[in-house]
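> Need coordinates for the below:
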Amino acid sequence: MIFTIRPTAGLTFRVLPGSILDITTYSFVPPTTLSGFLRRLAMMHAGFDFPNTGPNDQDTPFYVLPRELIPLGAYPVGACSRPAHRTYRKGPRDLGHRAFSDMYRGKASGRENIQLHTWEYLLTDELTGYVVSENEKELARMTGIVGYGSKMGKEGYAFVERVSGPLPLQRTELKAVPSTLIPADDLFEKNPRVPADIFTLYSFVWLETEEDRTESQKKQRRGKSTSLPKIYSTSAFDEHPSPVVKYKPFPAARVDGQTGVMLDYLHYEEIFIPVSLIETLRGEIVYE
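Model (predicted):
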């Protein structure tokens with residue numbers, strides 16, 4: 001399924017690990033960020049409140065698309081894309097509350113309390129996002145979020161302008177320009193000399209849920225358990241947190257929009273999605 005996403009301002013998708021003085025951005029929407037963005041729109045469409053996931057909360061819950069819906073990221077469209085825009089700011093050396101208050105009231109003690117910060121923005125008029133799934137019915141429900149928008153990434157706002165699909169994908173190995181990122185290991189194993197930008201990205205690690213277990217495992221677990229199971233999300237449109245326990249990093253590559261590379265793809269007309277990216281972003285399951 002294809003999501004046409006319209007930003008309303010500059011966007012920042014912070015590259016981590018990084019520095020608090022130099023905020024850099026990915027030149028696309030990372031898959032995990034797209035997952036959280038679309039999940040929030042689905043919850044709003046279903047009539048639920050925007051979930052509270054403040055970074056300072058203890059045991060902050062995850063709200064992302066269910067594991068069977070695999071987001072592949074969103075990418076600037078054609079001539080609208082350009083390198084990240086870097087801004088320069090003077091800010092406090094001490095980021096504590098007292099230092100901020102002194103600056104606001106003009107009581108900063110000297111130049112030594114000021115230092116240079118940089119902040120990057122992705123400027124684009126349109127993004128194309130991709131989500132794949134073997135569950136066509138659940139994927140088709142996502143057409144309901146057209147017109148919904150929310151905060152996206154570390155800074156910025158965007159809304160879904162149009163949704164196309166679900167589209168049938170055919171698997172084939174050939175040389176083509178990929179529509180998405182590629183796991184770097186897969187790219188360079190089959191195309192060792194191709195130029196590409198390299199990024200550290202993340203996939204989800206999922207907690208085994210009741211639905212993942214076989215019938216025998218369910219009976220065995222019920223015999224041992226003395227506490228009620230926690231309710232986790234089973235749909236993008238419910239109100240429950242997702243069974244995600246952590247992120248797992250992997251190296252990803254992106255080639256320019258003109259370079260074809262030999263890979264195993266799922267494709268529909270001019271859309272070419274590396275199979276290895278889907279397998280990587282499907283994530284792992286850990287067992288309690």
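> From now on I want contacts and neighbour counts done on CA atoms only, so please keep to that.
Will do.
> Quick check: buried residues in stretch 257-275?
Using 16 or more other C-alpha atoms under 10 Å as the test for burial, stretch 257-275 gives Val261, Met262, Leu263, Asp264, Tyr265, Leu266, His267, Ile271, Phe272, Ile273, Pro274, Val275.
> pLDDT score assigned to the closest residue to the second one other than its chain neighbours?
Nearest residue to Met262, sequence neighbours excluded (C-alpha to C-alpha, 6 or more residues apart in numbering): Lys175, at 4.0 Å. Per-residue pLDDT puts Lys175 at 91.
> Run a quick neighbour tally on Lys175.
14 (other C-alpha atoms under 10 Å).
> And it, how close does it get to Ala184?
From Lys175 over to Ala184 the distance is 16 Å, taken as C-alpha to C-alpha, to the nearest Å.
> helix, strand or coil for Thr280?
Classification of Thr280 by DSSP: H, G, I helix; E, B strand; the rest coil places it in helix.
> Spatially nearest residue to it, not counting backbone neighbours?
Excluding the flanking residues, the one nearest Thr280 by C-alpha to C-alpha, 6+ apart is Ser203, at 7.0 Å.
> what sits against the one you found?
By C-alpha atoms under 8 Å, 6 or more residues apart in numbering, the residues touching Ser203 are Pro31, Thr32, Tyr247, Lys248, Pro249, Phe250, Thr280, Leu281, Arg282, Gly283.
> So it lies in a strand, does it not?
Yes - under three-state DSSP, Ser203 sits within a strand.
> for it, which residues make a bridge with it?
For Ser203, the beta-bridge partners under DSSP bridges are Lys248.
> same thing with Ile285?
Applying DSSP bridges to Ile285 yields these beta-bridge partners: Trp206.
> And the strands in the stretch 1-150 of the chain?
2-7, 22-23, 70-76, 85-92, 114-121, 127-132, 149-151 (DSSP state E, counting those that start in this stretch).
> Ok, which of those comes nearest Gln170?
Smallest distance to Gln170 across the strands of the stretch 1-150 of the chain (C-alpha to C-alpha): 12.3 Å, for strand 127-132.
> Tell me where the model's unsure across the stretch 51-200 of the chain.
Along the stretch 51-200 of the chain, segments meeting pLDDT under 70 span 54-58, 79-82, 90-115.
> try 90
Across the stretch 51-200 of the chain, the ranges flagged by pLDDT under 90 are 51-62, 77-120, 123-125, 153-155, 165, 189-190, 193-197.
> Now go through the buried residues of stretch 257-275 and say which are in helices.
Secondary structure from DSSP state H places Val275 of the buried residues of stretch 257-275 in helices.
> Just to be sure, which of the buried residues of stretch 257-275 are found in strands?
Of the buried residues of stretch 257-275, the ones assigned to strands by DSSP state E are Val261, Met262, Leu263, Asp264, Tyr265, Leu266, His267, Ile271, Phe272, Ile273, Pro274.
> pLDDT and distance to Tyr157 for the residues you listed - can I get that in TSV?
TSV is the format used below for those (pLDDT from 0 to 100; distance: C-alpha to C-alpha, whole Å):
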residue	pLDDT	distance to Tyr157
Val261	90	33
Met262	91	36
Leu263	92	34
Asp264	93	34
Tyr265	95	32
Leu266	94	30
His267	93	30
Ile271	93	26
Phe272	94	28
Ile273	94	26
Pro274	94	28
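> And the helices in the stretch 151-288 of the chain, which stretches?
Using DSSP state H, counting those that start in this stretch, the helices of the stretch 151-288 of the chain run over 184-190, 215-224, 275-281.
> Show me which positions of the last one end up buried.
In terms of neighbour count (16+ other C-alpha under 10 Å), helix 275-281 has its buried residues at Val275, Ser276, Leu277, Ile278, Thr280, Leu281.
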